[in-house]
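Engineer: Only the shape, not the letters, is given here:
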């Protein structure tokens with residue numbers, strides 16, 4: 001951006017956010033004056049160094065740095081101002097009061113989860129809003145003000161996450177109680193585990209425009225979350241063009257798998273799914289073990305538009321409104337013996 005393109009209104013706006021002349025000059029050199037607006041909103045209260053946090057909390061500076069790095073936050077050194085008074089309070093609560101104690105691994109889960117939320121928020125803005133604002137015909141001050149407002153709104157949303165978390169925590173406790181009811185080991189959960197794979201996605205991804213591909217992925221993720229929630233299940237993760245979900249019972253798992261295969265049965269894409277039931281190892285919101293591997297293999301084995309389930313799932317579905325048809329015994333990669341397989345034929349509705 002040339003000097004002629006820098007309006008007095010933009011400079012006045014940046015100064016109103018607290019920008020120094022040195023910050024403005026640096027952002028000007030980097031052609032990032034609009035982006036400086038977001039930076040100023042985010043760093044408004046970040047006046048404390050790790051050494052300052054130590055002075056306020058009594059927590060040794062090395063522990064301060066280690067804690068924030070454990071959360072996934074980049075802390076370059078002990079002298080860089082990057083913490084707020086609230087950060088100091090949080091540090092004191094976690095370390096000095098010892099609320100987590102030896103359970104520091106929870107910090108890594110918290111940090112990685114929030115990092116993903118932040119990455120998603122930035123990507124959404126960059127891919128949808130920014131292309132319409134970062135163009136010559138739009139005054140830079142409009143772009144800068146939008147960045148500042150959007151960043152402020154994102155921070156307000158972050159402040160409100162406690163309300164959302166309380167609902168997820170309630171649901172997680174209910175799922176854990178039900179999943180552990182018949183298991184001998186507290187590290188195990190008895191669940192229906194499913195995978196839905198979008199057959200045909202790879203060829204389409206080679207030809208489709210990036211915006212169209214992002215739209216398709218977004219639709220798949222949105223549908224998966226809504227369908228899983230509607231049936232009392234939970235999406236565990238997305239793996240490229242595949243989604244992994246869990247449900248407390250086989251009927252719910254079959255309903256989720258069937259709904260997703262139907263929802264994405266569109267031109268060029270033919271979904272398929274696999275479902276297995278049994279004890280899985282639970283760790284930080286993810287699941288592992290032979291049952292998970294079996295569900296993934298069944299999804300790979302299914303033909304397009306088909307949902308395959310294992311014998312344990314078929315047994316658990318007895319009496320449920322699920323119609324399964326024997327599909328023979330199949331030799332699957334990673335399993336020594338052939339696996340008895342069933343195909344989901346229908347889900348009966350209107351039954352008491």
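Structural biologist: Okay, I see it. As the structure is a prediction and not an experimental result, all values here were calculated from the model. Residues are numbered from 1 along each chain as shown.
Engineer: so what's residue 77 closest to, chain neighbours aside?
Structural biologist: residue 50 (7.7 Å; Cβ to Cβ, 6 or more residues apart in numbering). Yep, even glycine has a C-beta here, placed from its N, CA and C like the rest.
Engineer: Actually, residue 224.
Structural biologist: residue 243 (4.7 Å).
Engineer: tell me which residues of the strand or helix carrying residue 261 are tucked away?
Structural biologist: According to DSSP states H and E, residue 261 maps onto helix 250-263. Neighbour-count burial for helix 250-263 flags 250-261, 263 (criterion: 16 or more other Cβ atoms under 10 Å).
Engineer: pLDDT below threshold where in this protein?
Structural biologist: For the chain, the stretches with pLDDT under 70 are 1-5, 96-103, 265-267, 350-352.
Engineer: Please name the residues that touch residue 276.
Structural biologist: By Cβ atoms under 8 Å, 6 or more residues apart in numbering, the contact list for residue 276 reads 192-194, 291-292, 294-295, 298, 309-310, 312-313.
Engineer: Among these, list the two that are farthest apart in space.
Structural biologist: Spanning the widest gap among these are 292 and 309, at 14.1 Å by Cβ to Cβ.
Engineer: of the two, who's got more company?
Structural biologist: For residue 292 versus residue 309, the count of surrounding residues by other Cβ atoms under 10 Å is larger for residue 309: 32 against 22.
Engineer: what residues are up against the more buried one?
Structural biologist: So residue 309 contacts 250, 254, 274-277, 298, 317, 324, 341-344 (Cβ under 8 Å, 6+ apart).
Engineer: which among those gets closest to residue 133?
Structural biologist: Taking Cβ to Cβ as the measure, residue 133 lies nearest residue 274 of the contacts of residue 309, at 43.6 Å.
Engineer: Pretty sure that closest one sits against residue 293.
Structural biologist: No. Using Cβ atoms under 8 Å, residue 274 is not in contact with residue 293; the gap is 10.3 Å.
Engineer: Show me which of these two is the more surrounded one.
Structural biologist: residue 274 (27 against 17).
Engineer: dump the residue contacts of the more buried one.
Structural biologist: Contacts of residue 274 (Cβ under 8 Å, 6+ apart): 194-195, 257, 294-302, 307-309.
Engineer: distance of residue 74 from residue 82?
Structural biologist: According to Cβ to Cβ, to the nearest Å, residue 74 and residue 82 sit 9 Å apart.
Engineer: hmm, I was thinking of residue 242
Structural biologist: Taken as Cβ to Cβ, the span from residue 242 to residue 82 is 38 Å.
Engineer: Kindly report the same for residue 59.
Structural biologist: According to Cβ to Cβ, residue 59 stands 16 Å off from residue 82.
Engineer: Could you list the buried residues of the one helix or strand residue 147 maps to?
Structural biologist: Secondary structure from DSSP H and E places residue 147 in helix 140-159. Going by neighbour count (16+ other Cβ under 10 Å), the buried part of helix 140-159 is 140-141, 143-148, 150-151, 154.
Engineer: Contacts for that helix, please.
Structural biologist: Here helix 140-159 makes contact (Cβ under 8 Å, 6+ apart) with 1, 5-7, 9-10, 13-14, 17, 33-38, 40-42, 121, 125, 129, 133-134.
Engineer: try 7 Å this time
Structural biologist: 5, 7, 9-10, 13-14, 17, 33-35, 37-38, 41-42, 121, 125, 133-134 (Cβ atoms under 7 Å, 6 or more residues apart in numbering).
Engineer: so how far is that helix from its chain's centroid?
Structural biologist: The chain centroid and the centroid of helix 140-159 are separated by 22 Å under Cα atoms, centre = their mean, to the nearest Å.
Engineer: need the next SSE after it, C-terminal direction.
Structural biologist: Where DSSP H and E defines the elements, the next helix or strand beyond helix 140-159 is helix 161-180.
Engineer: That next one - contacts with which helices or strands?
Structural biologist: When contacts are defined as 3 or more Cβ pairs under 7 Å, 6 or more residues apart in numbering; DSSP states H and E, helix 161-180 sits against strand 188-199.
Engineer: Buried residues, the following helix or strand past the strand it packs on. List them.
Structural biologist: Sequence order places helix 201-207 as the next helix or strand after strand 188-199, per DSSP H and E. The neighbour-count check on helix 201-207 (16+ other Cβ under 10 Å) flags 201, 204-205 as buried.
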